[in-house]
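Participant: Show me the folded form of this:
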Amino acid sequence: MTGTMRVPRTRGGFSGILLVLLGLWGGLLPFAGPYFDFGFAPDDTWVYNTDRLELSIAPAAAAVLGGLIVLFSAHRAIAMLGAWLGVLGGAWFVVGGPLATLWDVPGVGAPLGTGDGRHLAEQLSGFAGLGVVIVFFAALALGRFAVVGVREALPPDEPQQESAGTTQPLVFGRYARENAGPGGPAEPVRPPAPRPPGDQRVAGEQGGVER
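Facilitator: Numbering: from 1, shown residues only. Got it, this is the predicted structure:
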């Protein structure tokens, strides 16, 4: 059981890197977006308030932390815990805004874009669409860590046990002399089989000719 909990660190590399990058994007967009006129009001950089903490920083931190765990963990259970953190962070990006209105949180601010297309792009890239992508890659990591490979299921000493349990057949006669190399074991000497009474040797038989 212990052997199956060990996994290669490369298994969660792709998902882990993307979770970290997507989490950083979601956490930094409300603060650095006004540099590129893409983000949320006010039109000033690095404006902090509790609304942005609850709706952007907290889920982004969960996604980044989960991605780092998935990226560097070599233990199956710990890596799956990191993937679940990513799932929770992505889900909060999607549903956090509507749920936060229950405790009078208006949101991180109005989109900075002037057209409907810009408004949609900012909302999707900052919350709903971003959260769906994070959940997808976190679920992908969960699926990869839930599968036990054939090599992981085998005990570490399985090849040694198989080689130690095999036996070589005993070979006598001409084949033993041909296969024995220099310094190899000598052919075992087998005692002659007892002859039945009245049996006589024939010419060419080992042991001479019966007269």
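Participant: Any stretches of this protein with poor pLDDT?
Facilitator: Within the chain, the ranges that satisfy pLDDT under 70 run 1-3, 149-211.
Participant: the longest helix in it is where?
Facilitator: Counting residues, the longest helix found in the chain (DSSP state H) is helix 76-100.
Participant: show me the contacts for Ile78.
Facilitator: Ile69 (C-beta atoms under 8 Å, 6 or more residues apart in numbering). (Glycine included, C-beta is placed from N, CA and C.)
Participant: ditto for Val105
Facilitator: 50-51, 54-55.
Participant: Same question for Gly89.
Facilitator: Contacts of Gly89 by C-beta under 8 Å, 6+ apart are 23, 58-63, 66, 131, 134, 138.
Participant: out of these, which are buried?
Facilitator: 23, 58-63, 66, 131, 134, 138 (16 or more other C-beta atoms under 10 Å).
Participant: tell me which of the contacts of Val105 is nearest to Ala41?
Facilitator: Asp51 (11.6 Å; C-beta to C-beta).
Participant: and the gap between the closest one and Val135?
Facilitator: 22 Å (C-beta to C-beta, to the nearest Å).
Participant: Then His75?
Facilitator: If you go by C-beta to C-beta, the gap between His75 and Val135 works out to 23 Å.
Participant: Compare the two (neighbour count), which wins?
Facilitator: For His75 versus Val135, neighbours defined as other C-beta atoms under 10 Å are more numerous around Val135 (19 against 13).
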